[in-house]
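Novice: Fold the following, please.
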Amino acid sequence: MSDFWIHLLVYLVILFGFVIVSVLIFIWLERRLIGRFQLRPGPNRAGPFGLLQPIADAIKVLIKEDIIPSEADKGVFWLAPLVAFVPVMLMFAAIPFADGVMLVDLNIGILYILAVSSVTVIGIFMAGWSSNNKYSLLGAMRTIAQEVSYEIPLVLSILGVVMLTGSLSMNEIVKAQDVPFILLQPLGFFVYLSAAMAEVNRTPFDLLEAESEIIAGFHTEYSGMKFGLFYLMEYAEVLAVSAIATTLFLGGWQGPLLHPVFWFIAKVLLVFMFIIWVRATLPRLRIDQVMAFGWKFLLPLSLANLVITAFEILIAPDINTAVLIGINIAVMFGLILLFSRFYKLGGGRVSIK
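Specialist: Numbering: from 1, shown residues only. Below is the predicted model:
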């Protein structure tokens, strides 16, 4: 076996281990923080501070009986968790943890990530359709509607970063951030994070498995390790979204004094904790509100961000960076307030005849 294949195998094992360990830590951290938000301790029985609770839950899932409904399309039902999970793992191949520390430095890295991430929805639809369950199918159809609605503003928000750097390489995007792009693209960051949270089914956009409406959504009929793969996929997606946000907007691994990998992990953790804070703060939206938020609010904001970015590229050499940052932040809040005047979530009485 050549050195290339040995190095590839070692890196894949390390990457897979990093994702699994990170997901376990994220699960524990989310449950602890949500507990604090709700004035309760959270998991505190299994191990010190409840640190072993995710491992105990993983063991429980592994020894659960694997049940396949008698009316299900068994082949598709079995394949769906793999189709949903594998693309999420492939996303990490092009994410740089430090300068050059990545599986492959693709010159179209962000395009590759967007393409691979869109395959996950196929696995979710396969799960909903093959289960032969109306709640599962309804959850899968919601997935498709939500993905289509939020993929467009997500891509447009990333285009602003690509315009500033002139590159699709994730490594080059980080190197171009003498100033973190969250300061030069605050509106793009807002649109990206909002759309990404909808893409990965996080509150307030978690309609794919709204317990009060459709039980567990697309994975209602799943149990055992198949359910575990879907659960792992959801948190791995959140990890990927946080890592991409760190790479595109927070300067990636760049930071003073400490090791670059430390800075990368710290920034990813910061984004993840913000997502937890949003979950603990906001209620779940209705399906019509989610669709309206994507098409009537985020899409116009993402288009406005592209226009502003193009204008700044033309005049940036003549404007001080600090002034440009101040203008961007002011414009972001101004546009959000402006569009919020024309956009309503709906609500009020719903009459049933």
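
Novice: Run the chain-centre distance for the helix or strand hosting Val61.
Specialist: Assigned by DSSP states H and E, Val61 belongs to helix 53-63. Here helix 53-63 is found 24 Å from its chain centre; the criterion is CA atoms, centre = their mean, to the nearest Å.

Novice: packing partners for the helix or strand following it?
Specialist: Helices and strands here follow DSSP H and E; after helix 53-63, the next one along the chain is helix 74-91. For helix 74-91, the packing partners by 3 or more CB pairs under 8 Å, 6 or more residues apart in numbering; DSSP states H and E come out as helix 3-37, helix 109-117, helix 120-130, helix 224-249. C-beta here means a position set from N, CA and C on the backbone, and glycine is covered the same way.

Novice: Is Leu184 in contact with Val323, as I believe?
Specialist: No: counting by CB atoms under 8 Å, Leu184 does not reach Val323; the two are 11.8 Å apart.

Novice: more crowded one of the two?
Specialist: Leu184 (23 against 9; other CB atoms under 10 Å).

Novice: give me every residue that touches the residue nearest to Gly123 when sequence neighbours are not counted.
Specialist: Counting by CB to CB, 6 or more residues apart in numbering, Ala84 is the residue found nearest to Gly123 once chain neighbours are left out, at 2.9 Å. Contacts of Ala84 were listed using CB atoms under 8 Å, 6 or more residues apart in numbering, and they are Thr120, Ile122, Gly123, Ile124, Met126, Ala127, Leu229, Phe230, Met233.

Novice: Just the pLDDT for Ala84.
Specialist: For Ala84, the pLDDT comes out at 88.

Novice: just to revisit the earlier point, quick one: closest of the helices and strands packed on helix 74-91 to Asn201.
Specialist: helix 224-249 (6.4 Å; CB to CB).

Novice: and Leu269, what element?
Specialist: Assigned by DSSP H and E, Leu269 falls within helix 260-281.

Novice: Show me what secondary structure element comes after that helix.
Specialist: helix 287-292.

Novice: So for Thr281, what's the nearest residue that isn't a sequence neighbour?
Specialist: Closest to Thr281 by CB to CB, 6+ apart is Phe37, at 7.9 Å.

Novice: I figured that neighbour hits Ala280, correct?
Specialist: Yes: here Phe37 lies in contact with Ala280, judged by CB under 8 Å, at a distance of 3.9 Å.

Novice: Save the helices and strands packed on helix 74-91 as CSV, and put in distance to Phe205 and mean neighbour count too.
Specialist: CSV is the format used below for the helices and strands packed on helix 74-91 (distance: least, CB to CB, whole Å; neighbours: other CB atoms under 10 Å):
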stretch, distance to Phe205, mean neighbour count
helix 3-37, 16, 15
helix 109-117, 16, 20
helix 120-130, 14, 24
helix 224-249, 12, 23
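
Novice: Dump those into JSON lines; add distance to Trp295 as well.
Specialist: Shown next, in JSON lines, are those (distance: least, CB to CB, whole Å):
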{"stretch": "helix 3-37", "distance to Trp295": "29"}
{"stretch": "helix 109-117", "distance to Trp295": "19"}
{"stretch": "helix 120-130", "distance to Trp295": "18"}
{"stretch": "helix 224-249", "distance to Trp295": "21"}
